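J.: take a look and give me a structure for this.
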Amino acid sequence: MKKTYAAIKSARALTFASGIFPLTFRSSLLLLSGSYLLFGPGENDADLVASTLGTSLLCLILIFLIVTAILGRTLRRNLTASVYPPASEELVSKTPLKFFTKTIPIRLPPMFALEMRLRFAQPGVESFTHSIRGFDSNPRLLLDLIQFKHRGIWEVRFIDCALVDLFGFTRYAWVIGGPEVERSLPVPPPEHQFSDLPIISSSVREGDTLQAEERREGDPLDLKPYHPSDGMKKIVWKIFAKS
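T.: Residues are numbered from 1 along each chain as shown. Take a look at the predicted model:
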């Protein structure tokens with residue numbers, strides 16, 4: 001039990017060092033397992049199966065580690081992208097809006113993918129994680145449907161990028177920023193359409209024979225609403241007359 005806990009703790013420590021070595025928790029566990037098989041039961045060829053399996057695991061992780069590190073550094077140095085938000089007259093809150101991200105041609109070997117995602121300065125904006133694979137000589141165009149929760153100034157801060165392998169062994173992450181990505185968007189609220197309200201008289205209703213200004217004695221059954229032009233004295237008098 002203690003050995004298992006120590007292995008998991010060591011795997012987490014290797015994962016935290018992914019800023020230098022693009023390891024994941026899965027690859028860290030496999031790396032420790034391969035080392036144990038190679039230098040434990042397989043030491044001095046005591047167990048040929050353990051020695052072969054441990055060597056194979058270490059070689060597999062090492063190959064993915066080298067390819068991810070080289071390809072990730074190359075993409076980080078050369079990859080550029082531009083963000084194209086909707087026109088200013090199309091910006092409105094609580095409505096899905098189309099954001100386009102255009103990148104240079106991306107060429108990836110098999111079993112590798114590039115993940116890209118828009119990031120905003122304000123929390124609460126949900127964007128899609130795009131997974132780019134394969135070899136393409138044309139620029140890539142990514143579409144996001146962004147919905148702002150309320151009006152205000154919303155800012156596109158950067159693009160999260162990560163080169164990963166399809167087995168989940170390695171992950172090389174970085175961000176793309178700069179004037180081609182950063183955007184400041186003033187988003188107004190949606191326009192409300194009010195339906196036509198019926199015109200209701202506040203002083204005379206059907207069946208009334210006298211204007212409120214002419215009948216000052218009051219009536220216990222008089223439920224006539226007050227006239228908007230009534231002053232405070234007239235309103236107090238009407239209340240007194242009805243009481």
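
J.: for the helix or strand hosting Leu32, what is the average pLDDT?
T.: Using DSSP states H and E, Leu32 falls within helix 25-39. For helix 25-39, mean pLDDT is 79.

J.: and that helix, which residues are buried?
T.: Within helix 25-39, the residues that qualify as buried are 25-34, 36-38, counting by 16 or more other C-beta atoms under 10 Å. To be clear about C-beta, it is placed using only N, CA and C from the backbone, and glycine gets the same treatment.

J.: same thing with stretch 127-140?
T.: Here stretch 127-140 shows 127, 130, 132, 140 as buried, counting by 16+ other C-beta under 10 Å.

J.: about what we covered before: and which of the buried residues of helix 25-39 is nearest Ala50?
T.: Leu37 (4.5 Å; C-beta to C-beta).

J.: excluding residues flanking it in the chain, which one is nearest that closest one?
T.: Closest residue in space to Leu37, ignoring its immediate chain neighbours: Gly54 at 3.1 Å, by C-beta to C-beta, 6 or more residues apart in numbering.

J.: okay, and that neighbour sits in which element?
T.: Assessed by DSSP H and E, Gly54 sits inside helix 48-78.

J.: buried ones in that helix?
T.: In helix 48-78, the ones that count as buried by 16+ other C-beta under 10 Å are 50-51, 53-54, 57-58, 60-61, 64-65, 67-69, 71-72, 75.

J.: which other helices and strands contact it?
T.: helix 25-39, strand 112-120, strand 152-165, strand 171-176 (3 or more C-beta pairs under 8 Å, 6 or more residues apart in numbering; DSSP states H and E).

J.: once you drop chain neighbours, what's closest to Leu57?
T.: Nearest non-adjacent residue to Leu57, counting by C-beta to C-beta, 6+ apart: Gly34, 3.2 Å away.

J.: pretty sure that neighbour sits against Thr52.
T.: No. The criterion here is C-beta atoms under 8 Å, and Gly34 misses it with Thr52 at 10.7 Å.

J.: poorly predicted segments of this protein, please.
T.: Judged against pLDDT under 70, the low-scoring parts of the chain cover residues 1-21, 41-47, 193-243.

J.: can you give me the domain boundaries for it?
T.: Here the domain parsing of the chain from automatic domain parsing is 2-77, 79-187, 212-243.

J.: which other helices and strands contact the helix or strand just after the helix holding Gly54?
T.: Sequence-wise, the next helix or strand downstream of helix 48-78 (DSSP H and E) is strand 81-84. Packing partners of strand 81-84 (3+ C-beta pairs under 8 Å, 6+ apart): strand 97-103, strand 152-165.

J.: any chance of the ones you listed in CSV, plus distance to Pro186?
T.: Shown next, in CSV, are these (distance: least, C-beta to C-beta, whole Å):
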stretch, distance to Pro186
strand 97-103, 13
strand 152-165, 6
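
J.: Val49 and Ile63, how far apart?
T.: 21 Å (C-beta to C-beta, to the nearest Å).

J.: and if you look at Ile146?
T.: In terms of C-beta to C-beta, Ile146 sits 39 Å off from Ile63.

J.: next: Ser33.
T.: On the measure of C-beta to C-beta, Ser33 and Ile63 end up 17 Å apart.

J.: now Asn138
T.: Distance of Asn138 to Ile63, given as C-beta to C-beta: 29 Å.

J.: same thing with Ile132?
T.: 22 Å.

J.: could you do Trp174 as well?
T.: Computed as C-beta to C-beta, the Trp174 to Ile63 distance reads 22 Å.
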